[in-house]
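**Q** The following block contains a protein sequence and its predicted model.
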Amino acid sequence: MTQRYVLAIDQGTTSTRCILFDQRARLVGVTQREHHQHYPRPGWVEQDAAEIWRNLERILPRVLREAGVSAEQIAAVGIANQRETTVVWDRHTGVPIRRAVVWQDVRTEELVRDLERRPGAERIRQLCGLPLATYFAAPRLRWLLDTTPGLRERAERGDVLFGTMETWLIWNLTGGVDGGLHVTDVTNASRTLLMNLSTLSWDAELLEFFGIPAAVLPRIQPSTASYGTTRRVVPGLRIAAALGDQHAALFGQTCFARGETKCTYGTGGFLMMNTGRELVQSERGLLTTIGYQIDRDPVYALEGPIAVTGSLVQWIRDNIGLVASAPEIETLARTVEDNGGCYIVPAFSGLYAPHWRGDARGLIIGLTSYITRGHLARAVLEATAWQTREVVDAMNADSGLQARSLRVDGGMTSNNLLMQIVSDVLDVPVVRPFVAETVSLGAAYAAGLSVGYWPDLEGLRRNWRVAAQWTPRMDADLREDEYDNWKRAVELTFGWLRADRKRRAAAR
């Protein structure tokens, strides 16, 4: 019998990867290609969607060729993608109308403030589970419609299409201008501020509030569904699943039960707790979202995105020169027993969950002549841990559940000291799985489940294996004292960037 595989396309913030998995969730082949980041102005972050598509054209055939696998051996394809990044393209030519606006971009701050003052703003969170913020796609799409000459008229005629990256790639893979399918999955749609979280469809009230023509929007489908068959690059592949990257990580970590929680530590940190069939409206600064949807059954989740985790290590390395490489931060931090009273709050462009303070800016506080490079390194790691604690506390309180452990993935989990600190401040075990590529694995799992390659969720659970585990060792009184210090430091960041300063900065 011919061996069959599942292919995951992981379209991330910095690169696109294609990974082949076998039935035991073992990685069989991988190809990867980075794409350029563009920073035309302070706070603006852009990518070339056409470049990302060209990269996929190169790496998809290569992963099959290098693994010695034919297209006929691919049971299904699953796609995971960076969420909220906004692409608009001409449906007749397939050319993006301008660069994609990335999820990290904050150019819509002024627009968001204007929208907050309008009637109906108070309804947004009730309808879609999200706060009105620059983080999500709708303000970006509205900004593009407002600032690109003639675009709104073209959008209203249906001559241009909007999508996040999975929509852009699926449209191209299934034919592009020659009948490409314009679809999205429910997890990505839930991050736009335009989808009703109860009906799982585009909401007329939200479309009217943001001024978005319905003609530009893709069709919403469950996470596991038929997304068509590829007609380009490698024809004949069945696209059977799509999820936003963090939802894919939740799926790849097999967090299928209520209360199970994962965190992906990369450039930022992304925590997500499965709340089951219950749609929990957060009262503590979290996002209510879809975890995933199999067939007609949505599973809801609470999410707490943290803007800066791994990028703080990069900043300390590249801008400050405290270390020469990212792994050195652990070695340096181990030269001291504690932070020496020093705290770093990395609010470089404001704070995400649970505070949502765009006016916050980063600080280092508690400096004395006693502080060494080691203490600063320790404070860098603790900043990620304490931000995690803030989000987990909010999740427990909002959901009425209790995170009994934290499943982790992402590049920062190779830092063993950081993982121990996270366990210490949460007072729960932290567990890293054997397969580190949980975003790609989640996309593969969803696609394989969709076509019967894997029989059920329990079959996926059996594939999940522990690679490393950390258990709490910190004294309880010390933990709470340090947490109190952290919270006081966070409060000092609020209100640093005043509105008049923002206007002057924008004018420059």
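**A** Good, I have the coordinates. Computed from a prediction, not measured in an experiment: that's the story for all the values here.
**Q** just the strands in the stretch 151-300 of the chain please.
**A** Using DSSP state E, counting those that start in this stretch, the strands of the stretch 151-300 of the chain run over residues 160-163, 183-185, 195-196, 201-202, 219-221, 239-244, 261-265, 269-276, 287-294, 297-306.
**Q** Select, out of those strands, the one closest to residue 317.
**A** When these are compared for distance to residue 317 using CB to CB, the nearest one is strand 261-265, at 16.2 Å. Just so you know, the C-beta spots here come from the backbone N, C-alpha and C atoms, and that holds for glycine as well.
**Q** which helices and strands sit right next to that closest one?
**A** Strand 261-265 is packed against helix 245-252, strand 269-276, helix 373-399, strand 406-409, helix 438-451, with contacts defined by 3 or more CB pairs under 8 Å, 6 or more residues apart in numbering; DSSP states H and E.
**Q** what is the mean pLDDT for that strand?
**A** Averaging pLDDT along strand 261-265 gives 95.
**Q** give me the low-pLDDT residue ranges for the chain?
**A** Filtered on pLDDT under 70, the chain yields the residue ranges 1, 499-508.
**Q** related to what we said a few turns ago, out of the strands of the stretch 151-300 of the chain, which one sits most buried?
**A** Across the strands of the stretch 151-300 of the chain, averaging neighbours per residue (mean count of other CB atoms under 10 Å) puts strand 239-244 on top, at a mean of 31.
**Q** by how many degrees do that one and helix 438-451 diverge?
**A** Taking axes from the mean of the first three to the mean of the last three CA atoms, to 10 degrees, strand 239-244 and helix 438-451 form an angle of 140 degrees between their directions.
**Q** picking that back up, possible to save the helices and strands packed on strand 261-265 as JSON lines with distance to residue 462?
**A** As requested, the helices and strands packed on strand 261-265 are exported to JSON lines (distance: least, CB to CB, whole Å):
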{"stretch": "helix 245-252", "distance to residue 462": "14"}
{"stretch": "strand 269-276", "distance to residue 462": "18"}
{"stretch": "helix 373-399", "distance to residue 462": "27"}
{"stretch": "strand 406-409", "distance to residue 462": "16"}
{"stretch": "helix 438-451", "distance to residue 462": "12"}
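**Q** for these, which one sits closest to residue 318?
**A** Of all the helices and strands packed on strand 261-265, the one in closest proximity to residue 318, counting by CB to CB, is helix 373-399 (13.1 Å).
**Q** Just list whatever residues bridge to the nearest residue to residue 223 once chain neighbours are set aside.
**A** Spatial nearest neighbour of residue 223, chain neighbours left out: residue 292 (4.5 Å); criterion: CB to CB, 6 or more residues apart in numbering. For residue 292, the beta-bridge partners under DSSP bridges are residue 299.
**Q** Tell me which residues touch residue 292, please.
**A** Going by CB atoms under 8 Å, 6 or more residues apart in numbering, residue 292 touches 187, 223-224, 243, 247, 250-251, 298-299, 446.
**Q** just checking, residue 74 touches residue 6?
**A** Yes - in terms of CB atoms under 8 Å, residue 74 counts as a neighbour of residue 6; the distance is 7.2 Å.
**Q** These two: who's more crowded?
**A** residue 6 (31 against 20; other CB atoms under 10 Å).
**Q** what about residue 481, how many neighbours?
**A** 11.
**Q** Now it, what are its backbone angles?
**A** With angles defined as degrees, to the nearest 10, residue 481 sits at phi -60, psi -50.
**Q** List the residues that contact it.
**A** Per CB under 8 Å, 6+ apart, neighbours of residue 481: none.
**Q** ok so, going back, filter the contacts of residue 292 down to the buried ones, ChimeraX style.
**A** Buried members of those, defined by 16 or more other CB atoms under 10 Å, are picked up in ChimeraX with:
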select :187,223,224,243,247,250,251,298,299,446
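**Q** Among the contacts of residue 292, which one sits closest to residue 396?
**A** The closest of the contacts of residue 292 to residue 396 turns out to be residue 250 (CB to CB; 17.0 Å).
**Q** Looking at the strands of the stretch 151-300 of the chain, spot the one closest to residue 322.
**A** Of all the strands of the stretch 151-300 of the chain, strand 261-265 comes closest under CB to CB, at 19.4 Å.
**Q** in its sheet, what does that closest one sit against?
**A** strand 269-276 (antiparallel), strand 406-409 (parallel).
**Q** Distance to residue 192 for these - can I get that in JSON lines?
**A** Shown next, in JSON lines, are those (distance: least, CB to CB, whole Å):
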{"stretch": "strand 269-276", "distance to residue 192": "17"}
{"stretch": "strand 406-409", "distance to residue 192": "25"}
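**Q** quick one: buried residues of stretch 432-439?
**A** Taking 16+ other CB under 10 Å as the criterion, stretch 432-439 shows 432-433, 435-439 as buried.
**Q** Redo those residues as JSON lines? Include distance to residue 98.
**A** Output for these, formatted as JSON lines (distance: CB to CB, whole Å):
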{"residue": "432", "distance to residue 98": "40"}
{"residue": "433", "distance to residue 98": "39"}
{"residue": "435", "distance to residue 98": "38"}
{"residue": "436", "distance to residue 98": "35"}
{"residue": "437", "distance to residue 98": "32"}
{"residue": "438", "distance to residue 98": "33"}
{"residue": "439", "distance to residue 98": "27"}
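**Q** Residue 83: which of these is nearest?
**A** Among these, and counting by CB to CB, the member closest to residue 83 is residue 439, at 11.2 Å.
**Q** what residues are up against that closest one?
**A** Neighbour list for residue 439: 10, 12, 80, 245-246, 248-249, 252, 264, 409 [criterion: CB under 8 Å, 6+ apart].
**Q** So which of those wins on neighbours?
**A** residue 80 leads the contacts of residue 439 on contacts (other CB under 10 Å) with 35 neighbours.
**Q** That one falls within a helix, correct?
**A** No - according to DSSP: H, G, I helix; E, B strand; the rest coil, residue 80 belongs to no helix; its state is strand.
**Q** what's the spacing between it and residue 410?
**A** From residue 80 across to residue 410, the span is 13 Å (CB to CB, to the nearest Å).
**Q** The residue in the chain sticking out farthest from the centre in helix, strand or coil?
**A** Distance from the C-alpha centroid of the chain, by CA atoms, centre = their mean, peaks at residue 369 (39.2 Å). The three-state label given to residue 369 by three-state DSSP is coil.
**Q** ok, the residue lying closest to residue 256 once chain neighbours are set aside - contacts?
**A** Closest residue to residue 256 apart from its sequence neighbours, by CB to CB, 6+ apart: residue 457 at 5.0 Å. If you count contacts by CB under 8 Å, 6+ apart, residue 457 has them with 254, 256, 449.
**Q** With adjacent residues omitted, what lies nearest to residue 196?
**A** The nearest residue in space to residue 196 (CB to CB, 6+ apart) is residue 203, at 3.9 Å.
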